[in-house]
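Q: Sequence and predicted model, in that order:
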Amino acid sequence: MGQSIQMNELTLGVCYYPEHWPEELWEDDFRRMREMNITVIRLAEFAWAMMEREEGVFDFSFFNRVMDLAHQYGLKVILGTPTATPPAWLTHKYPEVLNAKIDGTPIKHGMRRHYNYSSPKYRELCERITREMVSAYKDHPSIIGWQLDNEFNCEKNVFYAEADHAAFRVWLKEKYGTLDELNKAWGTVFWSQTYTDWEQLHLSQTESPNPHLALDEKRFISDNVISFAKLQADIIRELAPQHWVTTNGLFGHLNNHEMTDQLLDFFSYDSYPQFSTVFYNGNEDKPMLDRQWSINLTNVRSISPNFCVMEQQSGPGGWYDRIEMGTPRPGQIRLWSYQSVLHGTDLLVYFRWRTATFGTEIYWHGINDYHNQPNRRVREVAQVGSEFAKIGTLIAGTTYQAEIAYLQDYDNNWDAEMDVMHGPLQWQSMRSWFKQLHYRHIPIDSLFLRNDTRLEELTKYKIIVYPHAAIMTDDTAALLTQYVEQGGKLFFGARTGYKDKRGQCYMRPFPGPVAELCGINVEDFTLVKGLVKAAALSWEERLPGGTATVGFNEVISVLNPEAQVVARYSSEYYKGEPALTRRSVGDGQVWYYGSAYSEPVVDAIIDELRLSSLIDAPAEVEFGIRASKDASASYAFLLNYSEQPATVQVKQSAKDLLTGAMIDGTVELPGYGVTILELL
């Protein structure tokens, strides 16, 4: 597993922007923070122009005054390098640092992340401000760590500046060595795309680019971001080795696992659960809404089992022109805070202390309103602060426990952005598995398959779901076979194993490298779209009447007699043909489903596997356990995402960690309520 934050207790922090406020407010702000048990502030990630008002002229006195006062109040500081928002003098004098639109038009100054990572001049200036900043502040007693930049690839995760095209060519030369190898990898003989000079190569600037170029482009962007971040991380390691280094994500086209392994002490995340509700159209049955954010937090856990939430939603959200979110209902800020804690957060930093009165984010509210008077959000955060003080030393360092993992990898996620034959299936299956396991109170992890993934990382889990891995190598198939042989249960889905690492299709029967493991071939297939109807499914008494496939139908041919047919299609021209198979291999099982997983199908599988939970509760309650490494202490979290009260039956002796009361088997949760149990 990845690196984790090391905290002795659950710690509360807040993002603070003293440059936005009169200096006479600072002392009262810090006093009130301490009253709320806020002990950490994040500073300076957007303040380049405060520290270098003109090129080469540095003044670090402002934040020195802020940190001196913060130190007097016992506040610790996280400093952000300011490279997400270059000053106007920089982009005006050096326009080559700007990112560009797909047509090559430069993106003008006035927002943030309008630069490109490839510009030699921008890298030079970023190294300089980072070195000057770290040199100026490294010995300040308040500082505990550094955040690199802010939200790499947020808002912009494609790049078309001339510097990016040039850097892409360098990356391709290092990867392929010769144009002959590149042409083979990209299949450029198709449509006469063959390259005869490196200068002919560009990042994709068409609506339908060569898919193999597009996959390499995403790999390049990730490597380019990591190399940009490394410039800053190396300076901090050199000058301030006593401080930790992190950055905040998750955003597209960036291998966060690799970046964390190479550069960071742990990964950080920005948690805004209402993003899950912004585009909800009301059509889904039993939607996850803000609870869906737990899927993201689960992905973060796969990078750092214990992590920092660098920005926790503390109010309604919106920019001046977009993303309107309603005010959190009473109890939801506390609920979302413990949602983060359940999934591994040991340092929780709210965004932001006070709502800005000017600028693009005047509707992105913080704990305090514009008027700076007490409000219910302040009282709710103060309640979390008092609870952290009570239970923080017990919870910190414990980790989330799960026996099921949802397996992913970056190549397939990136390839799925373009490939309509497997891309749309990914989110469908992920949500179905997460949703039904959540609603039945069975914890699940995310696990990312990487080149150096070891068998012991897989065998931690009794069940692994890896549903639509179009890109599949023989090495991966061998690893997964070992997992099954040693007792694991493995679930595949439609469109598995038909591409190699280049994104080129194998000339071998589906599901390619895992066909032998599954004991099947795919005989026929169709996308479910337009006039092509979803097929009905039959599985003894397991599936409710009318259950239909979603997204894709593969007709399975059983080749190995050890592979059993579990469910069949009951409509369409392949009526009666296998849709779901199961084969025992060694001490384990491998399942193959010729479609995307739906909620009824996942429910039937859960029943078949006889999976059960430690609690009985309404679906609206999220359940999870954080436990110590030696399992000597376990803490169960019960989070009610409904405004209605919920009754939970607990099947083990327990004590309410916040009240000290013994649990007689029943817990009453108020609307948006939280209970943490010490399992005895």
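A: Everything's here; your move.

Q: give me phi/psi at the nearest residue to residue 138 once chain neighbours are set aside?
A: Counting by Cβ to Cβ, 6 or more residues apart in numbering, residue 240 is the residue found nearest to residue 138 once chain neighbours are left out, at 4.0 Å. All C-beta spots, glycine's among them, are computed from the backbone N, C-alpha and C. The phi and psi values for residue 240, taken as degrees, to the nearest 10, are phi -140, psi 60.

Q: quick one: low-confidence parts of the stretch 501-650 of the chain?
A: For the stretch 501-650 of the chain, no stretch is flagged by pLDDT under 70.

Q: Mind naming the longest helix for this structure?
A: Counting residues, the longest helix found in the chain (DSSP state H) is helix 211-239.

Q: Pull the contacting residues for the residue nearest to residue 138.
A: Taking Cβ atoms under 8 Å, 6 or more residues apart in numbering, we find residue 240 in contact with 134, 138, 143, 146.

Q: Which of those residues sits closest to residue 172?
A: Using Cβ to Cβ, residue 146 is the member of the contacts of residue 240 that sits closest to residue 172, with 32.4 Å.

Q: got the phi/psi numbers for the closest one?
A: phi -130, psi 140.

Q: Next one: it relative to residue 70, how far apart?
A: Distance of residue 146 to residue 70, computed by Cβ to Cβ, to the nearest Å: 16 Å.

Q: wait, isn't residue 654 in contact with residue 661?
A: No - with contact defined as Cβ atoms under 8 Å, residue 654 does not reach residue 661; the gap is 9.8 Å.

Q: which of these two has more neighbours?
A: Between residue 654 and residue 661, residue 654 has the larger neighbour count (other Cβ atoms under 10 Å), namely 23 against 11.

Q: Quickly list what residue 350 is bridged to.
A: residue 14, residue 312 (DSSP bridges).

Q: Let me know how buried it is, in neighbour terms.
A: Residue 350 has 27 nearby residues by other Cβ under 10 Å.

Q: can you start the count at 59 instead of 1 from here on
A: Happy to do that; since the first residue is 59 now, the last one works out to residue 408.

Q: for it, what are its contacts?
A: 70-73, 96, 369-372, 424-425, 439 are the contacts of residue 408 under Cβ under 8 Å, 6+ apart.

Q: That one and residue 192, how far apart?
A: 26 Å.

Q: How is the chain divided into domains?
A: Following automatic domain parsing, one gets these domains for the chain: 69-216+284-455, 462-667, 673-737.

Q: Just put the ones you listed in a markdown table and tack on distance to residue 63.
A: Output for the domains of the chain, formatted as a markdown table (distance: least, Cβ to Cβ, whole Å):
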| stretch | distance to residue 63 |
| --- | --- |
| domain 69-216+284-455 | 4 |
| domain 462-667 | 18 |
| domain 673-737 | 14 |
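
Q: residue contacts, the residue nearest to residue 591 when sequence neighbours are not counted?
A: Distances taken as Cβ to Cβ, 6+ apart place residue 630 nearest to residue 591, at 6.8 Å, with adjacent residues excluded. Residues in contact with residue 630 (Cβ under 8 Å, 6+ apart) are 591, 593-594, 611.

Q: any idea which helix or strand carries residue 630?
A: Here residue 630, judged by DSSP states H and E, is contained in no helix and no strand.

Q: Point out where this protein drops to low pLDDT.
A: In the chain, residues with pLDDT under 70: 59.

Q: what's the spacing between residue 599 and residue 104?
A: Taking Cβ to Cβ, one finds residue 599 at 59 Å from residue 104.

Q: Neighbour count for the two, which is higher?
A: Per other Cβ under 10 Å, whichever of residue 599 and residue 104 has more neighbours is residue 104, with 18 against 8.

Q: Next, the contact list for the closest residue to the more buried one other than its chain neighbours, please.
A: Nearest residue to residue 104, sequence neighbours excluded (Cβ to Cβ, 6+ apart): residue 143, at 4.8 Å. Shown in contact with residue 143 (Cβ under 8 Å, 6+ apart): 104, 106, 170-171.

Q: Same question for residue 325.
A: By Cβ under 8 Å, 6+ apart, the residues touching residue 325 are 60-61, 304-305, 307, 314, 318, 358, 361-362, 365-366.

Q: By neighbour count, which of the residues you listed wins?
A: residue 366 (31 neighbours).

Q: give the contact list for that one.
A: Residue 366 neighbours (Cβ under 8 Å, 6+ apart): 63, 304, 306, 324-327, 403-407.

Q: got a winner among the residues you listed for most neighbours?
A: residue 403 (31 neighbours).

Q: That one bridge partners, please.
A: residue 365.

Q: same deal with residue 734?
A: Here residue 734, judged by DSSP bridges, has bridge partners residue 695.

Q: Could you give the number of residues near it?
A: 23.

Q: just residue 686 next, same as before
A: 14.

Q: Please apply the same query to residue 91.
A: Around residue 91 there are 25 residues (other Cβ under 10 Å).

Q: Could I get the contacting residues of it?
A: With Cβ under 8 Å, 6+ apart, residue 91 has these contacts: 72, 97, 99, 131, 133, 411.

Q: which ones among these are found in strands?
A: Secondary structure from DSSP state E places 72, 97, 99 of the contacts of residue 91 in strands.

Q: can you put those residues in CSV and add neighbour count and distance to residue 84?
A: Shown next, in CSV, are the ones in strands among the contacts of residue 91 (neighbours: other Cβ atoms under 10 Å; distance: Cβ to Cβ, whole Å):
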residue, neighbour count, distance to residue 84
72, 27, 13
97, 20, 16
99, 26, 11
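
Q: from the residues you listed, which is closest to residue 496?
A: Nearest to residue 496 among those, with distances taken as Cβ to Cβ, is residue 72, at 29.4 Å.

Q: My read is that that closest one contacts residue 406, right?
A: No - Residue 72 lies out of contact with residue 406 (Cβ under 8 Å); the separation is 9.5 Å.

Q: Let's see the distance spanning stretch 142-156 from one end to the other.
A: 12 Å (Cα to Cα, to the nearest Å).

Q: Please read the previous query as pertaining to stretch 587-601.
A: For stretch 587-601, the end-to-end distance is 23 Å (Cα to Cα).

Q: can you give me the strands for the stretch 459-608 of the chain?
A: Counting by DSSP state E, counting those that start in this stretch, the stretch 459-608 of the chain has these strands, from start to end: 462-466, 503-506, 521-523, 547-550, 578-585, 595-596.

Q: Show me the one of those that comes nearest residue 451.
A: Across those, closest to residue 451 is strand 503-506 (Cβ to Cβ), at 25.2 Å.
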